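# I'll drop the sequence and a predicted model, then ask my questions.
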Amino acid sequence: MTDTSSQASPQTAQAVTITMDGRQVRARAGQTVLEAALANGVDIPHVCYHAEIGPIGSCRLCIVEIEGVNGLPTSCTTPVADGMVVRTETEQINKLRRALLELLLLNHPTACLVCDKQELCLKYRYSPTKAGRTTGCNFCTNKDICDIRKLAERLGLTELTFPPSYQGRPLERSEPFIDRDYNLCVLCGRCVRTCRDVHGTAAVEFVDRGGRTRIAGPSDLPHADLQCRFCGACIDTCSTGALSDRYAKWRGAPERTEQTYCAFCPIGCPIAVRLRGDRAIGTGSVPGEDPTSRPLCALGRFAVAEFAAGTSRLAHPRMKRDGLWRRASWDDAVRAAAARLSQYKGSQTAVVVDASSSLEAQYLLCALAEHGLDGARFFVAPHNARPETALPALAEQIRNGRIKAAYTATAAVEPTVLDNLDLLIVQDCYPSPVSEAADILLPTTVFIEAGGTFVDRDGVVKKRQAVAPPPGEARPEWKIAADLARALGEDNLAYESLEQVSAAVETTVSIRSVDEPAEQTDPAHDLSALPKYFRGHRIGRYVKGLAQLEELITRQSGSADVSGD
Amino acid sequence: MFRIVEKTEPVPNTHLVTIEAPKVAAKCQPGQFVIVMVDDRSERVPLSLADWDAQAGSLTVPVFEVGRSSRKIAMLQAGDHLAHLIGPLGCPFPIGKHGTVVCAGGCYGLAAIYPIARAMKQAGNRVVCVLEARSHYLFYQQDRLAEVADELLCATIDGSQDRKGHACDVLSDMLAEKRPIDFVVAIGCPFMMMLCAEATKSAAVPTWACLNPIIVDGTGMCGACRVTVAGQTRFACVDGPFFDAHQVGWDELFHRQAAYLGDEVQAVGQTDAPLHPHHHH
Amino acid sequence: MPDSTSKKPPRPKVARQPMPKQPAEVRIDNFDEVPYGYTPQLAVTEALRCLLCKKPRCVAGCPVNIDIAGFIKLIQEGKFKEAARKIKEENALPAICGRVCPQEDQCEKVCVLGVKGEPVAIGRLERFVADYERAHGDVRLPKCAPPTGRKVAVIGAGPAGLTVAGDLVLLGHKVTIFEALHKPGGVLMYGIPQFRLPKEIVEAEVSYLTQLGVELVTDFVVGKLDSVDELLAQGFDAVFIGTGAGLPMFMDIPGENLVGVYSANEYLTRSNLMKAYLFPEYDTPTIRRKTVVVVGGGNVAMDAARTARRLGARVTIVYRRSRAEMPARIEEVEHAEQEGIRFELLTNPTRILGDDQKRVVGIECLRMKLGEPDESGRRRPLPVDGSEFFIDVDTVVMAIGNRPNPLVPQTTSGLEVSRWGTIVADDQTMQTSKPGVFAGGDIVSGAATVILAMGQAKIAAKAIHEYLNTLPPGKDRQG
């Protein structure tokens, strides 16, 4: 794999000086002319080259003049040599580049690129038209971030010399997560190389030959059958709108990205949350992290934003009276929760947290169980736990009446035994059979909406950030616990800020790595390892693509899906 | 229930749907539209008429796929049914003898301009159809228009056929060449119609545009389709849909059409995929 | 000892029985009906309060002259289904009337008990028996008279049209209702919200009519598809026009076409008819905004405000007169207040402001004071100079009234229409200037109530029946 860093230590690579467009430019032996140019702020036009996958020399757009070399070599495949003299732009080169771009775009809708009323049109067009088949930039999801569009503008493409055509390929909108419109594909091959070279999969490749060449899964099989892991790297590398993220596609270009960590499973991959305004519209892998070791799984790449944005998110505290849910203020709800819990101290009460919650939340609730509730029992529902089987000991104790009251921050609790409880308080992000049985319901955040510490599966301590606001009045888990502590009179647990709780966790909690049971599968590599549950909720209920994917996996493996919705 | 007799996609993203609706087909007049609901949860979707056959009891509408509702319609096939069809709505366009009438069409207007062109020809006018498309492969219905027009002038935005540019450029060319134009009717997206109006304004050629604001009930009961024409508020569904293009408050129309962008994005992300994975749509 | 077959229980010395209803903090989160309805015990107790006057004043107060004492007596005896049938002798839609009639201005207003105490809760009792009959699946269809061979076209499946249809079908005539929308009910369906009038009830009442033999044709816009003249030419012997006041009124103030300004008709149609509050399960986009101002003081304004509240908004009602002049039912005003809706009374909007995307950001209002009465009899509001102030909002709903929809009047020859657009009809017969054509409801009276529409419809039905009997027997007709 080509070294993309321009900051290799001097000992490992010999420094080289070349002349580029009349000025001296520093490079390293082993770099290509294109890499050296990009590292020095000279943006030589290119399409088929991409930093993560290296060059292939097929689009020819990066051609340059090199003194002493015949013709116009591609800068992406030409290694630098000390003393080389390069000209990256001349009138002849740009003319050729325009022609090359036009050939590239022969089967790609180019009308909006060469329209003479673009400025006026954009004045009246507030967002791209959500067309089924894209027939122009203003009908394309990629418009604001499209490499090809930027290139056309840069090269001054205003007229077409070759008659364009439309391939009429079928739209592919029925597979999970990814929409494909190969009528927009310019055959740059970045997706093929990304899938193959970076992830070792051949879920997409060039099929057919000559003028009929196109991108598809080998033998046109559905991608799920071809070991596609739905990591979405192909979408991120696609130079046009041919490949798009079905949930994010029309929500506009992200305005900024913030980094945090996924919580769908214990691995805790870093995710870059793409935001527009204060709404998360999608997630991607964190640039700079080594992609082979951490491509995102389908959940980390596609489910985070959609899961957080569900319309049935719990948003307001509620209390049940006479069998009816009534909205309550946070003060009233927390006070009522504390008052009622005080009547059930000791081992007749259970406090339940979820393994996916932050250490701060878990610590506070554990300390509350211990001190505020005089030794209430404390349970931790494991990751990806089904409510029916998550905590059998807890279910049994509720069933036989030993536990009369419960405070649960997870829906992974056997719902059929809950009628036995005298008091049930639920702190959660989505409604569930457990929340329906609650006496008091407190809405909380999902992981991109709250900060907190956690330990990933490799034993590394990581800190999440709050990158988007929660819906309505939902609050972070640690805050609800701290307010509850205050209402119970446990002032030493009544923390005012996350930092305070984090500090307490650091000094009080000792983290020992526990030998995890054998399962070390990685959902980024194995679709059948994708978690189905989060905090006891069926993720597929809120993320359409996941439900589709689960169905496909079930069909593939031939087994019946036991955990029905 | 209204049966779909035929459904084609003559050019990318534009569908022609022929629906069995004998009572409505018997009453259609040029310039009118119908409202369609695919099922009982659908929106009420207004669609211009491309043609109708009173004998066969059917009518045809063009559907440009731009969101969830139009996608629902686009995914139907011959033999499927629409839950509701209401029409014909809107004022019939007054057909008179003007001399040379230019019928300008773009996008779905390429189909919707046909009834007007035909009626204008029957009324004794010289009909020139000015057609606009992004590229040559986006023209359709030209043979039908050729049957009723004395002349077909085409413009493509990418220059792949005939004149590079828009319908308004063809109009400007005609006016610059001092060709007689007595009347202009334009059907297409508001941007196209607005530009046509601008092209004819200085020559003071009467120009009429088919406005397409968001419509809910279609019978003048709710006012969702309010447009400002000559400083007055009008309802496009009962006072229109055609209005004097030189008097239309275009800016307001563009903004009002964008009223539900956020919800539309949410909806289109939830349109169900077809049942059969390889049944491509 | 009095008549031994009906042992009359002693009159309970109780106050008017309260109506169990959803508490405000519960109901702002749902679109379920607010009042739960009387239980049988409550109903009987309330019924027993009734004096069963020999000359009941309440009957005269009822626009359709229901035998009120008669049905209340049946309730006293526990004969709920019979009571429902008794009401249906005069009123085919008791479940609706029991909910939306302003009884406090009609029957209950003149109840003898109301002189010194609280009137009998006639409306609640009517609702109770209608719901009881429906819940027990025992809606009995009365026998219709033998077919007369006459065909009547009813235009509009709103309260007026449904009532005319219900009366005429019982008399043996063949009735076809033509409805422009895709669902029947008119304002009952698109105007009055689910939490005041559940749509299932409207559908049940309509289904009662179709079971009696009324033909219902939806998606049919008379005036566009067939005109009234064409219907008459096709063989209908008479036509009843009940097309309602479906033309929204705007104030013509600056900014009224900004994105976020709705007529109450549009706002309520999206929510009630198109179920936009269930977006995205229903396709019509949501109208969930953060802050809403509703302009107006009638029932429609209350409906719009309470709908907005349930959609999660902070709502303010702006009305140019004072509380006493508000035409809305007092009960609905109280419900709105309980639900946390603010009232800015003696306030009138002057202009609406928008941002550079032409979306509403605020509304400027002026304080008013009351002067001398105007032609409606209410005191005229006068502006207080210099009292302008802003309310930050993103949505404005104009609920200032409706005028008659002009479509049918404009497409019917020989139909006399007033300068306000209403069809001119004779008070006693509802006959219009066109022979064989009758009209009733808002299209004649201007925007009014459901029960007044029904009252006019009953007069019209009677007159239509007499008219049909005067037609020559050998009259040329199809079918």
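That came through, no problem.

# Who are the packing partners of the longest helix belonging to chain C?
Ranked by residue count and defined by DSSP state H, the top helix of chain C is helix C:450-470. Helix C:450-470 is packed against helix C:94-100, helix C:159-170, strand C:238-241, strand C:437-439, helix C:442-445, with contacts defined by 3 or more Cβ pairs under 8 Å, 6 or more residues apart in numbering or on different chains; DSSP states H and E. C-beta here means a position set from N, CA and C on the backbone, and glycine is covered the same way.

# For it, buried residues please.
C:450-465, C:467-468 (16 or more other Cβ atoms under 10 Å in any protein chain shown).

# Dump the C-alpha coordinates for it into CSV.
This file holds the C-alpha atoms of helix C:450-470, laid out as CSV (Å, rounded to 0.1, in the frame of the first residue of the first chain):
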residue,chain,number,x,y,z
VAL,C,450,-73.9,21.3,12.2
ILE,C,451,-77.3,21.3,13.9
LEU,C,452,-78.6,24.3,12.0
ALA,C,453,-77.5,22.6,8.8
MET,C,454,-79.5,19.6,9.9
GLY,C,455,-82.5,21.7,10.8
GLN,C,456,-82.6,23.3,7.3
ALA,C,457,-82.0,19.9,5.8
LYS,C,458,-85.1,18.5,7.5
ILE,C,459,-87.2,21.3,6.2
ALA,C,460,-85.7,20.7,2.8
ALA,C,461,-86.4,17.0,2.9
LYS,C,462,-90.0,17.6,3.8
ALA,C,463,-90.4,20.1,1.0
ILE,C,464,-88.6,17.8,-1.5
HIS,C,465,-90.9,15.0,-0.6
GLU,C,466,-93.9,17.2,-1.2
TYR,C,467,-92.4,18.5,-4.4
LEU,C,468,-91.8,14.9,-5.7
ASN,C,469,-95.4,14.1,-5.0
THR,C,470,-96.5,16.9,-7.1
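
# Let me know the angle separating that helix from helix C:159-170.
40 degrees (axes from the mean of the first three to the mean of the last three Cα atoms, to 10 degrees).

# Get me the contact residues on chain C for chain A.
C:22, C:23, C:25, C:26, C:28, C:29, C:280, C:357 (Cβ under 8 Å from any Cβ of the partner chain).

# buried stuff in whichever strand or helix holds the third one?
Right, the one you point to is residue C:25. Here residue C:25 sits within helix C:24-27, counting by DSSP states H and E. Buried residues in helix C:24-27, defined by neighbour count with 16+ other Cβ under 10 Å: C:24, C:25, C:26, C:27.

# OK, contacts around residue A:439?
A:319, A:320, A:340, A:423, A:424, A:425 (Cβ atoms under 8 Å, 6 or more residues apart in numbering or on different chains).

# Please flag which of those sit within strands.
A:319, A:320, A:423, A:424, A:425 (DSSP state E).

# Name the nearest residue to the residue in the stretch 301-450 of chain C that chain A sits nearest to, ignoring sequence neighbours.
Proximity of the stretch 301-450 of chain C to chain A (Cβ to the nearest Cβ) peaks at residue C:357, 7.6 Å away. Closest residue to residue C:357 apart from its sequence neighbours, by Cβ to Cβ, 6 or more residues apart in numbering or on different chains: residue B:255 at 6.4 Å.

# What parts of the stretch 151-281 of chain B come near chain C?
So the stretch 151-281 of chain B meets chain C at B:216-217, B:219-224, B:226, B:228, B:233, B:238, B:249, B:251-252, B:255-256, B:258-260, B:263-264, B:266-267, B:270 (Cβ under 8 Å from any Cβ).

# Now the buried members of these.
Buried members of those, scored by 16+ other Cβ under 10 Å, are B:216-217, B:219-224, B:226, B:228, B:233, B:238, B:249, B:252, B:255-256, B:258-260, B:263-264, B:266-267.

# Now, those residues that are in helices?
Per DSSP H, the subset of these in helices is B:252, B:255, B:256, B:263, B:264, B:266, B:267.

# Around residue A:215, how many other residues sit close by?
Using other Cβ atoms under 10 Å in any protein chain shown as the criterion, residue A:215 is surrounded by 22 other residues.

# so when I look at it, I'm seeing a strand, right?
Yes: per DSSP: H, G, I helix; E, B strand; the rest coil, residue A:215 lies within a strand segment.

# That one contacts residue A:202, correct?
No: counting by Cβ atoms under 8 Å, residue A:215 stays clear of residue A:202, with 11.7 Å between them.

# hang on, the earlier thing: show me which of the residues of chain C next to chain A are buried.
C:22, C:25, C:26, C:28, C:29, C:280.

# who touches the last one in this structure?
For residue C:280, the residues meeting the contact criterion (Cβ under 8 Å, 6+ apart) are A:311, B:263, B:266, B:267, B:270, C:286.

# let's go with 7 Å and repeat that
Residues near residue C:280 by Cβ atoms under 7 Å, 6 or more residues apart in numbering or on different chains: B:266, B:267, B:270.

# Looking at these, which gets the smallest pLDDT?
pLDDT is lowest at residue B:270 among the contacts of residue C:280; the value there is 73.

# hang on, that one in a helix?
No: applying three-state DSSP, one finds residue B:270 to be coil, outside a helix.

# Skipping adjacent residues, who's closest to it in space?
residue C:280 (5.6 Å).

# same check, this time on residue C:62
Using Cβ to Cβ, 6+ apart and skipping the chain neighbours, the partner closest in space to residue C:62 is residue C:107 (4.9 Å).

# tell me the contacts of the residue of the stretch 101-250 of chain A found nearest chain C?
Of all residues in the stretch 101-250 of chain A, the one sitting closest to chain C is residue A:126 (7.6 Å; Cβ to the nearest Cβ). Residue A:126 makes contacts with B:258, B:261, as judged by Cβ under 7 Å, 6+ apart.

# Got the phi and psi for the nearest residue to residue B:37 once chain neighbours are set aside?
Of all residues not flanking residue B:37 in the chain, residue B:84 sits nearest, at 4.0 Å (Cβ to Cβ, 6+ apart). When read as degrees, to the nearest 10, the backbone of residue B:84 gives phi -140, psi 140.

# number of nearby residues for residue B:84?
Quick note: residue B:84 (other Cβ under 10 Å) scores 20 neighbours.

# Within range of chain B, give me the residues from the stretch 101-250 of chain C.
C:180, C:181, C:182, C:219, C:221, C:224, C:225, C:246, C:247, C:248, C:250 (Cβ under 7 Å from any Cβ of the partner chain).

# List the residues that contact the last one.
When you say that, I think you mean residue C:250. B:233, C:256, C:263, C:398.

# Please identify which of those is nearest to residue A:118.
residue B:233 (32.1 Å; Cβ to Cβ).

# pretty sure residue C:81 is in a helix, no?
Yes: assignment of residue C:81 by three-state DSSP places it within a helix.

# Below-threshold pLDDT in chain C: ranges please.
For chain C, applying pLDDT under 70 flags the ranges C:1-10, C:474-479.
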